[in-house]
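> Give me the fold of what follows.
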Amino acid sequence: MDWRLKSSHERWLEGNLSPAVRLARQAASHDRDGTSEAGVEAELWLALMLIRLRHHDEFDRTMAGVEPAVARIGKSDQEIKLKLVQALSQGIRGGFSNVTEQARYIVDAPGEAVEGCRSFAWVILALEALRRGDLRTAGDYARRMSAESVLGNSRFPRGLTAWTLVQIEEATHGPEAVAYMVERLISTGGWIYQDLLSTEPGSAAWLVRFMMPRDDTTAQAIATAARGVCERGGDPPVLDAAACHAEGLVRHSAADLLFAATHYGDPWAAASAREDLGVMLAGHGAPAQAIAALEHALTGYLAVQSSRDAARLKRRLHRLGRTYHHARWSEESDVGIRDLTKTEIAVAELVAQGLSNTQAAGQLFISRHTVAYHLRSIFRKLQLTSRVELARTWTELHREAKQQSV
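Residues are numbered from 1 along each chain as shown. Take a look at the predicted model:
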């Protein structure tokens with residue numbers, strides 16, 4: 001391996017992101033005509049770093065050269081690496097649902113040489129399922145990833161993997177189920193935590209949001225760490241936006257949140273910042289401005305096909321008096337309790353009270369499998385993604401149904 005490329009990998013792992021990119025550029029510049037495998041490896045590594053840092057223009061220029069070079073050389077492992085970079089780019093820019101087929105192709109590819117790509121593809125598939133609200137599939141992928149780690153597969157992107165697993169667990173079982181995991185991740189301050197803050201721009205704000213109701217001091221420490229990661233990495237714009245997002249939540253600063261939303265270079269993270277801005281404005285008694293920010297966030301989530309987040313935004317907006325029937329706002333029709341059958345309402349009522357499928361089945365004199373069937377139908381109709389979310393919103397849905405009947 002070219003010494004520059006090796007040093008680039010080392011700098012990246014240390015969190016020195018700008019030097020890592022500069023060294024990869026130097027390694028790639030020795031083979032601009034794409035005649036050597038080493039040159040193509042350098043360009044593939046450079047492209048992967050560029051898309052993870054959301055440097056979209058340079059990424060596109062790099063890919064314009066590396067794609068024909070990979071085709072010309074014809075090495076299967078480089079073709080798999082290229083597919084991974086393409087899949088990650090498409091997922092970041094247009095939603096991970098666009099890349100499921102590519103990720104599955106990578107997962108099924110033979111050979112140990114692409115084990116790192118295969119591990120990365122598992123994470124992409126898990127994240128895609130989470131974003132569209134398919135928690136059962138996301139959970140299946142999460143268990144597979146955990147099993148792979150136990151069996152000695154150390155090639156997963158550690159920061160992204162940890163964050164994906166925590167999000168899936170939180171969505172499935174609620175915040176308290178993952179509080180210990182989050183606290184351990186933060187308190188160790190180790191390489192996984194630093195890698196997460198360095199490469200996943202929405203993670204710092206997510207962690208701050210999670211910790212604020214529990215421990216303000218830790219929430220502030222996360223924002224401070226995000227700023228430190230940005231400075232150590234050479235102040236790339238996406239990490240500056242990520243730090244501003246985290247700081248905006250801690251400081252209750254609408255200006256910081258707006259800056260983050262407009263400078264992320266990551267559509268999902270930008271939508272997340274606008275959602276936080278809208279929630280803050282609503283809390284400050286500015287409903288018109290809150291609605292504008294939340295509608296902008298909803299547009300962003302729909303653009304990257306994040307159905308789970310879009311459903312949450314619609315509920316937020318409904319509480320502010322906005323409903324949406326126009327096609328541009330909707331992947332699925334807006335529904336409520338009135339769209340449920342009598343059996344579905346009975347199942348939802350019991351599950352929202354905390355009963356298990358078996359307990360609900362006993363009260364309704366049906367099988368637990370029938371309860372599970374109705375529960376899936378309820379989630380689909382109400383655009384919910386978990387039992388925890390149903391419990392949180394059931395009372396509100398009852399109130400909306402009564403208002404509509406007046």
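> for the stretch 301-406 of the chain, what are the low-confidence residue spans?
323-339, 398-406 (pLDDT under 70).
> Let's see that with 50 instead.
325-335, 406 (pLDDT under 50).
> residue ranges for the helices of it, please.
For the stretch 301-406 of the chain, the helices defined by DSSP state H, counting those that start in this stretch occupy 307-319, 342-352, 357-364, 368-382, 387-405.
> looking at those helices, which is closest to Leu257?
helix 307-319 (15.2 Å; Cβ to Cβ). Using the backbone N, CA and C atoms, a C-beta is placed for each residue, glycine as well.
> And the closest one, what's buried?
Ser307, Arg308, Asp309, Ala310, Ala311, Arg312, Leu313, Lys314, Arg315, Arg316, Leu317, His318 (16 or more other Cβ atoms under 10 Å).
> who are the neighbours in contact with the most centrally placed residue in the chain?
By Cα atoms, centre = their mean, the chain has its centre lying nearest to Leu127, at 6.0 Å. Taking Cβ atoms under 8 Å, 6 or more residues apart in numbering, we find Leu127 in contact with Gly91, Phe96, Ala138, Leu160, Thr164.
> Going by neighbour count, which of these comes out on top?
Ala138 (27 neighbours; other Cβ atoms under 10 Å).
> Against Ala28, how distant is that one?
Taking Cβ to Cβ, to the nearest Å as the measure, Ala138 falls 36 Å from Ala28.
> Over to Ala177?
Using Cβ to Cβ, Ala177 is found at 44 Å from Ala28.
> next one: Ile345
Distance from Ile345 to Ala28, by Cβ to Cβ: 60 Å.
> For these two, indicate the residue with more neighbours.
Neighbour count, other Cβ under 10 Å: between Ile345 and Ala28, Ala28 has more, with 27 against 16.
> Not counting sequence-adjacent ones, nearest residue to the more buried one?
Ala42 (4.1 Å; Cβ to Cβ, 6 or more residues apart in numbering).
> so what secondary structure elements neighbour the helix or strand where the one you found lies?
Using DSSP states H and E, Ala42 maps to helix 37-52. Counting contacts by 3 or more Cβ pairs under 8 Å, 6 or more residues apart in numbering; DSSP states H and E, helix 37-52 packs against helix 3-14, helix 17-29, helix 56-73, helix 76-94.
> Low-confidence stretches in the chain?
Checking the chain against pLDDT under 50 turns up 325-335, 406.
> re earlier: what about the helix holding Ala42, distance to the chain center?
Its chain's C-alpha centre and that of helix 37-52 lie 23 Å apart, by Cα atoms, centre = their mean, to the nearest Å.
> Roughly how far does Ala273 sit from Thr161?
As for Ala273, its distance to Thr161 is 23 Å (criterion: Cβ to Cβ).
> neighbour count winner among those two?
Ala273 (32 against 24).
> tell me the SS of the more buried one?
What DSSP: H, G, I helix; E, B strand; the rest coil gives for Ala273 is helix.
> Against Asp57, how distant is it?
From Ala273 to Asp57 the distance is 22 Å (Cβ to Cβ).
> Gln289 too?
From Gln289 to Asp57 the distance is 32 Å (Cβ to Cβ).
> what's the answer for Gly321, then?
For Gly321 relative to Asp57 (Cβ to Cβ), the value is 41 Å.
> do the same with Phe379
From Phe379 to Asp57 the distance is 40 Å (Cβ to Cβ).
> Neighbour count for the two, which is higher?
Phe379 (21 against 9).
> Quick one: residues contacting the spatially closest residue to Ala109 that is not a sequence neighbour.
Distance criterion Cβ to Cβ, 6+ apart; nearest residue to Ala109, sequence neighbours excluded, is Ile80 at 5.1 Å. Residues near Ile80 by Cβ under 8 Å, 6+ apart: Ile106, Ala109, Val114, Cys117.
> Now do the second one against Glu169, distance only.
When distance is defined by Cβ to Cβ, Ala109 is 28 Å away from Glu169.
> Helix, strand or coil: sort out Pro213 for me.
coil.
> can you tell me the helix or strand for Gly248?
helix 237-251.
> by contact count, what packs against that helix?
Short answer (3+ Cβ pairs under 8 Å, 6+ apart): helix 237-251 packs on helix 191-199, helix 203-211, helix 216-232, helix 254-263, helix 267-283.
> wait, which of those is closest to Gly74?
Closest among those, using Cβ to Cβ: helix 191-199, at 30.3 Å.
> Run through who's touching the closest one.
13, 15, 17, 52-53, 157-160, 162-163, 185-186, 203-204, 225-226, 229, 233, 239, 242.
> repeat that with 6 Å
Gly15, Arg52, Arg158, Gly159, Ala162, Trp163, Leu185, Ser203, Ala204, Ala226, Val229 (Cβ atoms under 6 Å, 6 or more residues apart in numbering).
> Could you identify the pair within those that is furthest apart?
Using Cβ to Cβ, those span at most 19.2 Å, a distance reached by Arg52 and Leu185.
> hmm, back to that, can I get the helices and strands packed on helix 237-251 in CSV including distance to Leu294?
Below are the helices and strands packed on helix 237-251 laid out as CSV (distance: least, Cβ to Cβ, whole Å):
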stretch, distance to Leu294
helix 191-199, 26
helix 203-211, 16
helix 216-232, 23
helix 254-263, 12
helix 267-283, 4
